[in-house]
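[1] one predicted model, sequence on top.
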Amino acid sequence: MLSPSGARDEGAVSINRLQVEAAGTPGKYRYRLLVVNNLPRQAKPFSGTLQLLLKVRVDDQDVMIEHPRLGDPGSQSISLEVRNFQRVEGEFSVSAAAVLKDVEVRILQDGVVRARQSVNP
């Protein structure tokens, strides 16, 4: 994988095949993606968490929503342990009155964003 400078980024984890689609019920969506660990095979697995940042429009205002919400008592983080690659699937809901504009998926390790990718559903 090439970094923006063109140099090889050996320690990077990357996101591939990100898809977000409506799940039938108003306000409910499914997501799926492939997380790839670009470290050599003999290296230890990548450990981190997955976070979605949802941009929605409600009453002519854009609002950003974290999923899962960090620090929310009822919210569990989405843990990753990736040796080579891992498929991740899940669902999230927004208000039926909200219009989903953009979804950004972030992979974090120790609170630092290691990879991100956006999609417009």
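    On my side now, so go ahead.

[2] this structure: strands as residue ranges?
    Secondary structure of the chain by DSSP state E: the strands cover 13-22, 28-37, 46-58, 61-67, 78-82, 85-93, 99-109, 112-119.

[3] with mean neighbour count added, can I get those in CSV?
    The C-beta positions use only the backbone N, C-alpha and C, and glycine is treated the same way. Formatted as CSV, the strands of the chain follow (neighbours: other CB atoms under 10 Å):
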stretch, mean neighbour count
strand 13-22, 15
strand 28-37, 18
strand 46-58, 18
strand 61-67, 13
strand 78-82, 14
strand 85-93, 14
strand 99-109, 18
strand 112-119, 14
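
[4] which intervals of the protein have sub-threshold pLDDT?
    Filtered on pLDDT under 70, the chain yields the residue ranges 1-11, 70-75.

[5] report the separation between the residue most central in space within the chain and residue 59.
    Residue closest to the average C-alpha location in the chain (CA atoms, centre = their mean): residue 105, at 2.4 Å. Relative to residue 59, residue 105 is positioned 26 Å away (CB to CB, to the nearest Å).

[6] swap in residue 17?
    34 Å.

[7] and what of residue 110?
    Distance, residue 110 to residue 59, using CB to CB: 37 Å.

[8] isn't residue 46 up against residue 12?
    No - look at residue 46 against residue 12 with CB atoms under 8 Å: they stay out of range, at 9.3 Å.

[9] no further queries at this time; thank you.
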